[in-house]
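In: the following comprises the amino acid sequence and a computationally predicted model.
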Amino acid sequence: MPTVRAIVFACLALTTLTVPALADDMRRPDKVSVYFAAHEDDWQLFMNPSAFKDVIKDAAKTVFVHVTAGDAGAGMGYNGRKFPYYRARENGAEAAIRFMADADSIPGERSESYVEFNGHRIDRIVYRNTVSYFLRVPDGNPLGGGYADTGFQSLQRLASGENDDLAAIDGSTVYHDWNDLVATVRAILVNERGKAGLLQVNAAELDPRLNPRDHSDHLMTAKAAYEAAASLACVRRVSYVDYASMNMPPNLNEEERDLESSVYAVTLAGVLAYDHGASWHHYDESFVGRNYFRVVEPNEACPGIAAAVAAVHR
């Protein structure tokens, strides 16, 4: 769609990524960056190498919030494999995060626990300067209607009121309405931000002119993230083109593409290690080499904001 491309090219900016020295004191002490992914491979495909850059340099802490289980309607089922599909996808995401965090060092210690936010138990994993959350609500399918085996539950149906509740597939918690979910996401943001001056929220672009025909779960996850952050001060919004980027030309240089593709390859290796298939060629040809996003800066003056803005737009 040439019209969409023209709008996107006019509105979106691309970061230029260079690999810095990776000592902890090189990371920005005033910025926490949070990546919201509907599924466990979304940030790798659509928000990279931006995420890699934050992990190795530009954020004191980088947080990954995976909202759905990415179970494709299987729930906790194994479908004849050694592990449930959702666990394979989580393993892929974890492997990719560790790969980035260990880019110039030996492996560190991993810590996992269930933590409670707004009355909900959520799986939280800490690794070096990264934190990962897995909310494990049911995959809603591309159009948002849900799947029969998980009771036609979805983020979209919760937001519209068609579902009164949305239960995590592992039985860890139940969200009783859309506001309950948003309040939980807000509590995560507040907790992980701590005293950082700048909170960067990374999620899918909600403007259909820039990101047409995206997956319902992508859009609903972004909706929850942006609503949760709306009442917080000093928030930068970075909105990414998802599926529509396949119709746009590659815009990463060779170094950037290597960083992006390496993270995606590690993700797939983590899925394969848990006895599930992967599709390298389709996604490599469709999405790798592309990273389109739009930045909306905070209206108010924020501690450290001038330096952070320069880092994004250099």
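Out: Looks like it arrived, so ask away.

In: surely Arg213 touches Asp242?
Out: No. Arg213 is not in contact with Asp242 according to C-beta atoms under 8 Å; the separation is 9.5 Å. All C-beta spots, glycine's among them, are computed from the backbone N, C-alpha and C.

In: those two - which one has more neighbours?
Out: When neighbours are counted by other C-beta atoms under 10 Å, Asp242 comes out ahead of the other of Arg213 and Asp242, with 25 against 11.

In: Arg110 versus that one, what's the distance?
Out: For Asp242, the distance to Arg110 (C-beta to C-beta, to the nearest Å) stands at 29 Å.

In: pull the residues that contact the lengthiest helix in the chain.
Out: Determined from DSSP state H, the single longest helix within the chain is helix 254-273. By C-beta atoms under 8 Å, 6 or more residues apart in numbering, the list of residues contacting helix 254-273 from outside reads 16-19, 40-41, 44-45, 48-49, 51-52, 88-89, 91-96, 99-100, 250, 252, 277-278, 280, 283-284, 288-289, 291.

In: what about the residues you listed, which are in helices?
Out: Going by DSSP H, the helices hold 44-45, 51-52, 88-89, 91-96, 99-100, 280, 283-284 from the contacts of helix 254-273.

In: and these, which are buried?
Out: By neighbour count, with 16 or more other C-beta atoms under 10 Å, the ones in helices among the contacts of helix 254-273 hold 44-45, 51-52, 88-89, 91-96, 99-100, 283-284 as buried.

In: for Tyr226, state which of those residues is nearest.
Out: For those, the minimum distance to Tyr226 (C-beta to C-beta) is 18.1 Å, reached by Ala51.

In: against Glu109, how distant is the closest one?
Out: 21 Å.

In: tell me, how many residues neighbour the residue nearest to Asn48 when sequence neighbours are not counted?
Out: The spatial neighbour of Asn48 that comes closest, neighbours along the chain excluded (C-beta to C-beta, 6 or more residues apart in numbering), is Glu260 at 4.5 Å. Glu260 has 26 neighbouring residues, counting by other C-beta under 10 Å.

In: quick one: name whatever helix or strand follows the least confident helix or strand in the chain by mean pLDDT.
Out: Between all helices and strands in the chain, the lowest mean by mean pLDDT, DSSP states H and E belongs to helix 2-11, at a mean of 38. The helix or strand immediately downstream of helix 2-11 is strand 31-37, counting by DSSP states H and E.

In: so Ile122 sits in a strand?
Out: Yes. With DSSP: H, G, I helix; E, B strand; the rest coil as the criterion, Ile122 is part of a strand.

In: mind listing the strands for the stretch 101-250 of the chain?
Out: Applying DSSP state E, counting those that start in this stretch to the stretch 101-250 of the chain gives strands spanning 110-117, 120-127, 130-137, 166-167, 174-175, 198-204, 235-240.

In: need the winner for burial among the ones you listed.
Out: Highest mean neighbour count of those: strand 198-204, a mean of 27 (counted as mean count of other C-beta atoms under 10 Å).

In: so what are the sheet partners of that strand and their directions?
Out: In the sheet, strand 198-204 lines up against strand 31-37 (parallel), strand 235-240 (parallel) (DSSP bridges).

In: save the ones you listed as JSON lines, and put in distance to His176 and mean pLDDT too.
Out: Formatted as JSON lines, the strands paired with strand 198-204 follow (distance: least, C-beta to C-beta, whole Å; pLDDT from 0 to 100):
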{"stretch": "strand 31-37", "distance to His176": "21", "mean pLDDT": "98"}
{"stretch": "strand 235-240", "distance to His176": "26", "mean pLDDT": "98"}
